[in-house]
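>>> Quick one, fold the following:
(one chain, ligands or ions: 1)
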Amino acid sequence: MEERKKVTIPDLYAMVERGEKITFLTAYDYPTALLEDRAGIDMILVGDSGVMCLLGHETTLPAKMDFMVEITAAVSRAAKRAFIVGDMPYMSYQPSDELAVRNAGRFISEGGADAVKLEGGARMAARVEAIVKAGIPVMGHIGLTPQAASLIGGLKAQGRSAQTAKQLVEDAKVLEEAGAFSILLEAIPARVAEVIVERARVPILSIGSGAACHGQLLIVHDILNLFEAFTPKFVKKYADVSSVMLKAFQEYISDVKSGLFPSKEHEYRIPKEEWQEFKRLMGM
Ligand code: KIV
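Modelled structure (predicted):
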């Protein structure tokens, strides 16, 4: 079998250097991560969006550290090549540097992640610096930051005014200076992202922020049509797994109801002599 070398931060920087786009998808479970890794994805985000996609919550706010660490460990067991980023959930880093470092450490030691991601620009620079000082790589995340949805006026594109666009450019610089190895831009105008990319010394990744970025992230449940609550403008659907699953469930129900399943090939057998003895024991 072909040797599958783990993607590292120097590999990501080398990809940027040679103009090769970085591919990035979310995963929250073992089988999905296994397939993404087999397909050759460069990075996997174990996003707190998992509580929406897997558990049916309306926002990412209910995500808990134990849940995030557990699913990160499942993804790490599956993905041997991809660079794995654990997403720090709401209130796992906001209160203090110390809490942020402890929780980032859990993603690495218990979850097997290669890095963590946290939301926020300049106001989170101290947290980024503290975690990096502890030897843990941090990805910054600015633009639409769902954990601060109320503060930023809802789940909507950011940086559409001159002032807020300027703030995003400044936030990216501050995060870079705080030691972030990479920055994710969510739902900001492509032209603003372009300015950030031009000025950046670290890989700039996009989810809904245009083609100029060094790499692209999408949420796996969106691209497979497995998330029904809403579909952001930036999503491209690559498969309709939802209809494949629905058809399989309907056929199963119909087979069981009609007696087509199980058939002889799905049954276990008892050896003849054991059956005779069983009948004798039962007085049959
Ligand atoms: O949780 C997540 O999947 C994310 C992306 C939306 C960026 O943070």
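
>>> Please save the CA atoms from stretch 227-242 in PDB.
Extracted in PDB, the C-alpha atoms of stretch 227-242 (Å, rounded to 0.1, in the frame of the first residue of the first chain):
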ATOM      1  CA  PHE A 227     -28.100  19.100   6.800                       C
ATOM      2  CA  GLU A 228     -31.600  20.400   6.200                       C
ATOM      3  CA  ALA A 229     -32.000  23.400   8.600                       C
ATOM      4  CA  PHE A 230     -30.400  25.900   6.200                       C
ATOM      5  CA  THR A 231     -27.900  26.200   3.300                       C
ATOM      6  CA  PRO A 232     -25.500  29.100   3.300                       C
ATOM      7  CA  LYS A 233     -24.900  30.800  -0.100                       C
ATOM      8  CA  PHE A 234     -21.300  29.600  -0.200                       C
ATOM      9  CA  VAL A 235     -22.200  25.900  -0.100                       C
ATOM     10  CA  LYS A 236     -21.800  23.600  -3.100                       C
ATOM     11  CA  LYS A 237     -23.500  20.300  -2.800                       C
ATOM     12  CA  TYR A 238     -21.400  17.400  -4.200                       C
ATOM     13  CA  ALA A 239     -23.800  14.500  -3.500                       C
ATOM     14  CA  ASP A 240     -27.300  13.800  -2.300                       C
ATOM     15  CA  VAL A 241     -26.500  11.300   0.400                       C
ATOM     16  CA  SER A 242     -29.800  12.200   2.000                       C
END
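
>>> Tell me which residues are up against it.
Contacts with stretch 227-242, where a contact means C-beta atoms under 8 Å, 6 or more residues apart in numbering, come from 52-53, 58, 187, 207-209, 218-219, 221-226. All C-beta atoms are positioned from the backbone trio N, CA, C, and that covers glycine.

>>> Is it positioned near the ligand?
No. Stretch 227-242 does not reach the ligand (C-beta under 6 Å from any ligand atom); its nearest approach is 9.0 Å.

>>> List the buried residues for that stretch?
227, 232, 234, 235 (16 or more other C-beta atoms under 10 Å).

>>> For the second one, which three-state class applies?
In three-state terms, and counting by DSSP: H, G, I helix; E, B strand; the rest coil, residue 232 is coil.

>>> Tell me which residues touch whichever residue of the chain sits closest to the ligand, please.
Closest to the ligand within the chain is residue 47: 2.3 Å, counting by C-beta to the nearest ligand atom. Contacts here follow C-beta under 8 Å, 6+ apart; on that basis residue 47 touches 26, 28, 60, 87, 219.

>>> Let's see which of those residues end up in helices.
Residues of the contacts of residue 47 located in helices (DSSP state H): none.

>>> just the buried members of the contacts of stretch 227-242?
For the contacts of stretch 227-242, a burial check counting by 16+ other C-beta under 10 Å picks out 52-53, 187, 207-209, 218-219, 221-226.

>>> ok, and of these, which contact the ligand?
Taking C-beta under 6 Å from any ligand atom as the test, the ligand is in contact with 207, 219 out of the buried ones among the contacts of stretch 227-242.

>>> related to what we said a few turns ago, among the buried residues of stretch 227-242, which pair sits farthest apart?
Largest separation among the buried residues of stretch 227-242 by C-beta to C-beta: 227 and 234, giving 13.6 Å.

>>> Which of the buried residues of stretch 227-242 sits closest to residue 283?
Using C-beta to C-beta, residue 227 comes nearest to residue 283 of these, at 57.2 Å.

>>> Check the secondary structure at that closest one for me.
coil.

>>> Over whichever helix or strand residue 206 is part of, what's the mean pLDDT, rounded is fine.
Using DSSP states H and E, residue 206 falls within strand 204-207. Strand 204-207 carries an average pLDDT of 98.
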